[in-house]
Structures are given as structure tokens and as C-alpha cells.
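*Asks:* Using only what follows, build the 3D model:
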Amino acid sequence: MKKKPTVEEAIQSLPKAELAIVRRLRALITECLPKAEEKGYYGLGVPFYTRHRMICFIWPSSFMWGKKPKDNTGKLVTLGFCQGNLMSNDEGILKAEGRKQVYCMYINSLAEINEDQIRALLFEAELIDEGFGLKKKLRKVTR
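*Replies:* Prediction:
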């Protein structure tokens, strides 16, 4: 049986352009979500960040989904927010693309990374996640 790669192993296998973007996004996420835990999912080592629930993920287009490659035209690296439907998204940065909950943004170069914008999104995602944590605590207290 083939061993599933760790997040670090999977990232090291990326092409140079994707690797640079993923490394920068990981650094921003680590900075903004210090309590979140990074976990590899889907047997591909896709980095997801969780605390009370899944908060966000980084999906490089080189990581295949299913048996056929997706059409990733203009989507080198995806930064997805698992509770994107609850985020304000006033500027329309996050795309729903027919999904009900997970909203994403796409980054095609290091130059496209707007760190202030991404930090703001990550802080909002953390607030939403903390809300889920509070709900869990309240349920325990009322039992």
C-alpha cells in the first residue's frame, strides 16, 4: 500500500512557482492563525488548517482531484475558506462558484498575494471559528 505523503513531502514535490506561493501562504496562515493545526487531507498532503472546525486550506493545482485533472486555467494555487459563506466578502474577493459553504480565491504568482487582504480574511475566518468554539462550550455548560 502506497504511503500517503505528509504536507511537507507533498509541498516539496511542487513546481517552483506553486512552491513559492504555497510557502508564502503557509507563513501568513501560521502568523494569523497561531492556534490552528495544519493537517494533510485527501491522501495528497493538501494542507488544511483546523481548530474548532476546518478553517481554510491551500490547494496547489498540481494536486489532482479525483481521476481526472481539473481545469485549473488561471488557478495556480487555491486559498479556500471552509466557512466562506459566513464571511463578509464585501469586495467579492472570494468566489463561491456554485458552492454553498466553501469560498475560494486564486493566486497565480507571488506578486498577486495581497498580504493585508489575506490577513484580514484569515482574521475573519478565525473569528468565525472561535464562534463555533463558543457554541461548543455553551452546549457543554447547559447540559
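*Asks:* switch to C-alpha atoms for all contacts and neighbour counts from now on
*Replies:* Fine.
*Asks:* Specify the local secondary structure of residue 34.
*Replies:* Of the three states, residue 34 takes coil according to DSSP: H, G, I helix; E, B strand; the rest coil.
*Asks:* With residue 22 instead?
*Replies:* helix.
*Asks:* List the contacts of residue 44.
*Replies:* 4-7, 10, 63 (C-alpha atoms under 8 Å, 6 or more residues apart in numbering).
*Asks:* Relative to residue 133, which of the residues you listed is nearest.
*Replies:* The shortest gap between residue 133 and any of these belongs to residue 7, at 25.5 Å (C-alpha to C-alpha).
*Asks:* rewinding a little: just the buried ones among the contacts of residue 44, please.
*Replies:* 6-7, 10, 63 (16 or more other C-alpha atoms under 10 Å).
*Asks:* Show me these that map onto strands.
*Replies:* Judged by DSSP state E, strands contain none of the buried ones among the contacts of residue 44.
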